[in-house]
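> The sequence and its predicted three-dimensional model are supplied below.
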Amino acid sequence: MAERAPEHWTDTERELWEAFRQGDVFDRRVRDTEADDPFGDADWGPERTVRAEVLAHLLLAGPSAAAGRVASLRLNGVLITGSLNLAGGAIGHYVELHECRFAHKVLVSEATATTLRFVTCLIPRLEASRLATTGDLHLARCRIPDGIRLTDAKIGTDLLLNQTVLGGDRYGRAVSADGMTVHQDFEADRIEVHGELSLRTARIGGRLSLRGAQLHAVPQNRICLNAVRITVGHTVYLTASADGGWFGSRSYYGSGYGQQPPPDAPSTPFRAHGHVRLSDSRFEAACLISGEFHLEGEDELSLSRIHTPELRFACRVRPTGPVSLSRARVGNLVDTPDAWPSGRHLNLTGFVYESLRPAASFSIQQRIAWLEGASAEFQPESYEQLASALRRDGADDDAREVLYAKQRRRRQTLTLPARAWGRVQDVTVGYGYRPGRAGLWLLLAWALGSIWFATHELEPLKADERPHWNPVLYTLSQLLPVVDLGQQGWNPGGLSQYVSVGLVIVGWLLATTVVAGASRMLQRG
């Protein structure tokens, strides 16, 4: 293999040839902020210009390394003209570019590589479908106006898109990464996307982090995040990013990388302007959501049928549109009352959770309102699910409150006669969940019956036997007919007979409710 650069290469390209062989950084920056800005308008002359075909030659058929060195492509502040086409190639060298400009798109589709790092670079478009790397793919702080294609790509370690700004293609897709596999983490903190970020059926071995991301749907495509049927081996973060350490940091990621902001610290929230889809996805550790969701028209935050051990839903700003948890299954539900949307924009049909772990004060009345605000239709399974979760946590009293609310909500769906009877049950015994109320009615019946029989003494059953007359004990014996209080020898007649029958009926109805309530208290004890 020739150890000298081709004769037709420019002097700048010949210098790059030697830097490649030595594994040195080829740095053409002039140390002036405006002149070195890859996103600015400063003109970069021939001394900073390299043709894309030169990079392709070095990476696919380049010279051997100098003795005792490792050949690599390291560029700083270079303009690459032409279209860099490495599609289908085997890139065996380490590649790292900082503050570079590409005049045309970069093609690495179906290529194999070790590690590819593009940091603070301007790349019109990146075509990398079915790219396979054994190391990282870094695109931190880049600007990619026409978006990225990573369909079915396989990233050996991490995929990093922190602080990158992306636009969309003609279909409004900014990132097309359906079927992608990332063996470790996918970090896209503070990313700014104008178009669809599509990760359908992607598999991520570690974390999926979108802390502080700004996602904007475009008119031709109202989806801003499409992550249906993805699998995340650890945690997904749709949360805020602490401001400290990001701006002006000279590292790839900023010193705030990966940190949760303190409660009162300045931070940038995750924001989604458009439809967000996480349906049918699995998050093996947790799904953390505390961002802002600006939903218009038919936009929705869809968490339908997700599976995760913990769902943390703690938005500081209520979503402005529907949130669906239909058929989702989670372990711990960690939430706050002000995080959920209002106006019956919450779908909890078939939502299953093992336990409630509110992140802020969440009273049982607020929890019931959370249920009743979910749907205009009566959904008894939602009440049963909430009551079951409360019982598992030992909150039996709260569970009965939920079941009581269920009966009252159910009454609204019944016919007029059934609603009237339900109203009677509610007022008298609280559908069996208010034993104290039944006890008060029982005492009232006892008092009224005692007054009646005190002024209407009964005749004895047998003329020759006249037991001692006690109107208070007689009334009590009618209310509790299973108890013999020595007042069975009297023969009520006329209106008193109807009063006695009424006391017996009222006694059976109310006493059984009181006994059932007392039994529940003893069982808890």
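Yep, it's here. Numbers count the residues shown, from 1 in each chain.
> What score does Glu99 have for pLDDT?
Note on Glu99: pLDDT of 96.
> Could you do Val175 as well?
97.
> What about the closest residue to it other than its chain neighbours, how many residues nearby?
In this structure, Val175 finds its nearest non-sequential neighbour in Leu197, 4.7 Å apart by Cβ to Cβ, 6 or more residues apart in numbering. Any C-beta I mention is one placed from the backbone N, CA and C, and that applies to glycine too. When neighbours are counted by other Cβ atoms under 10 Å, Leu197 registers 29.
> pretty sure Leu197 is in a strand, no?
Yes: assessed with DSSP: H, G, I helix; E, B strand; the rest coil, Leu197 lies in a strand.
> what residues are up against it?
Shown in contact with Leu197 (Cβ atoms under 8 Å, 6 or more residues apart in numbering): Ala174, Val175, Ile191, Leu215, Cys224, Leu225, Asn226, Ala227.
> Narrow those to those in strands?
Ala174, Val175, Leu215, Cys224, Leu225, Asn226 (DSSP state E).
> Out of those, flag the one nearest to Ile364.
For these, the minimum distance to Ile364 (Cβ to Cβ) is 33.8 Å, reached by Leu225.
> got a pLDDT number for Thr464?
No Thr there; residue 464 is Asp. 68.
> I'd assumed Thr235 was in contact with Ala285.
Yes: using Cβ atoms under 8 Å, Ala285 is in contact with Thr235, at 4.5 Å.
> okay, the two: which has more neighbours?
Relative neighbour count places Thr235 above the other of Ala285 and Thr235, with 21 against 15, counting by other Cβ under 10 Å.
> how close does Asp329 sit to Glu310?
Check again: residue 329 is Arg, not Asp. To Glu310, Arg329 is 12 Å away according to Cβ to Cβ, to the nearest Å.
> How about the contacts made by the nearest residue to Thr320 once chain neighbours are set aside?
Of all residues not flanking Thr320 in the chain, Leu295 sits nearest, at 5.1 Å (Cβ to Cβ, 6+ apart). Taking Cβ under 8 Å, 6+ apart, we find Leu295 in contact with Gly274, His275, Leu301, Pro319, Thr320, Gly321, Pro322.
> now these in a markdown table, with neighbour count and secondary structure?
Output for these, formatted as a markdown table (neighbours: other Cβ atoms under 10 Å; DSSP: H, G, I helix; E, B strand; the rest coil):
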| residue | neighbour count | secondary structure |
| --- | --- | --- |
| Gly274 | 26 | coil |
| His275 | 23 | strand |
| Leu301 | 27 | strand |
| Pro319 | 25 | coil |
| Thr320 | 16 | coil |
| Gly321 | 19 | coil |
| Pro322 | 18 | coil |
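> ok, back up a step: what is the nearest of the contacts of Leu197 to Leu137?
Val175 (12.5 Å).
> quick one: the closest one and Ala153 touch, right?
No: the pair Val175 and Ala153 fails to qualify as a contact (Cβ under 8 Å) at a distance of 11.2 Å.
> The stretch 101-250 of the chain: helices as residue ranges?
Counting by DSSP state H, counting those that start in this stretch, the stretch 101-250 of the chain has no helices to list.
> How about the chain?
Along the chain, counting by DSSP state H, helices occupy 11-22, 33-36, 52-61, 364-372, 380-392, 396-411, 416-429, 435-455, 471-479, 495-524.
> Relative to Thr231, which of the ones you listed is closest?
Closest among the helices of the chain, using Cβ to Cβ: helix 380-392, at 25.5 Å.
> Check which residues of the closest one are buried.
Ser382, Tyr383, Gln385, Leu386, Ala387, Ala389, Leu390 (16 or more other Cβ atoms under 10 Å).
> Show me what that helix is packed against.
In this structure, helix 380-392 makes packing contacts with strand 352-356, helix 364-372, helix 396-411, judged by 3 or more Cβ pairs under 8 Å, 6 or more residues apart in numbering; DSSP states H and E.
> With mean neighbour count added, can I get those in JSON lines?
Listed next are the helices and strands packed on helix 380-392 as JSON lines, based on neighbours: other Cβ atoms under 10 Å:
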{"stretch": "strand 352-356", "mean neighbour count": "17"}
{"stretch": "helix 364-372", "mean neighbour count": "17"}
{"stretch": "helix 396-411", "mean neighbour count": "19"}
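> and Ala42, how many neighbours does it have?
Neighbours of Ala42 (other Cβ under 10 Å): 13.
> Spit out the contact partners of it.
Glu34, Ala35, Asp36.
> Top of these by number of neighbours, please.
In those, the most neighbours by other Cβ under 10 Å go to Asp36, 18 neighbours.
> Dump the helices and strands packed on helix 380-392 into a markdown table; add distance to Gly244 as well.
What follows is the helices and strands packed on helix 380-392, written out as a markdown table (distance: least, Cβ to Cβ, whole Å):
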| stretch | distance to Gly244 |
| --- | --- |
| strand 352-356 | 33 |
| helix 364-372 | 34 |
| helix 396-411 | 41 |
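> Out of the ones you listed, flag the one nearest Ala202.
strand 352-356 (24.9 Å).
> ok, Val218 - how many residues close by?
20.
> Need the nearest residue in space to it, chain neighbours excluded.
Nearest to Val218 is Gly172, by Cβ to Cβ, 6+ apart, at 4.5 Å.
> Next up, the contacts around the one you found.
Counted by Cβ under 8 Å, 6+ apart, Gly172 has contacts Gly195, Glu196, Ala217, Val218, Pro219, Gln220, Asn221.
> Recalculate using a threshold of 10 Å.
147, 194-196, 217-224, 274 (Cβ atoms under 10 Å, 6 or more residues apart in numbering).
> Show me which of these are buried.
Buried among those by 16+ other Cβ under 10 Å: Gly147, His194, Gly195, Glu196, Ala217, Val218, Asn221, Arg222, Ile223, Cys224, Gly274.
> And the residue nearest the centre of the chain?
Residue closest to the mean C-alpha point of the chain, counted by Cα atoms, centre = their mean, is Ile289 at 4.4 Å.
> Report the contact partners of the nearest residue to that residue once chain neighbours are set aside.
Spatial nearest neighbour of Ile289, excluding adjacent residues (Cβ to Cβ, 6+ apart): Leu238 at 4.7 Å. Leu238 makes contacts with 208-211, 213, 215, 225, 227, 269-272, 276, 278, 287-293, 301, 312-313, 315, as judged by Cβ under 10 Å, 6+ apart.
> Over to Lys154?
Contacts of Lys154 (Cβ under 10 Å, 6+ apart): Thr112, Arg130, Leu131, Ala132, Thr133, Thr134, Gly179, Met180, Thr181, Val182, His183, Arg203.
> before we move on, the earlier item: out of the ones in strands among the contacts of Leu197, which is nearest to Asp24?
Val175 (33.2 Å).
> Across the sheet, point out what pairs with that closest one.
Ile148, Leu197 (DSSP bridges).
> I'd say it and Ser129 touch.
No: counting by Cβ atoms under 10 Å, Val175 sits too far from Ser129 to count as a contact (11.9 Å).
> Those two: who's more crowded?
Val175 (26 against 20).
> Would you check that Arg31 makes contact with Glu99?
No: using Cβ under 10 Å, Arg31 is not in contact with Glu99; the gap is 11.4 Å.
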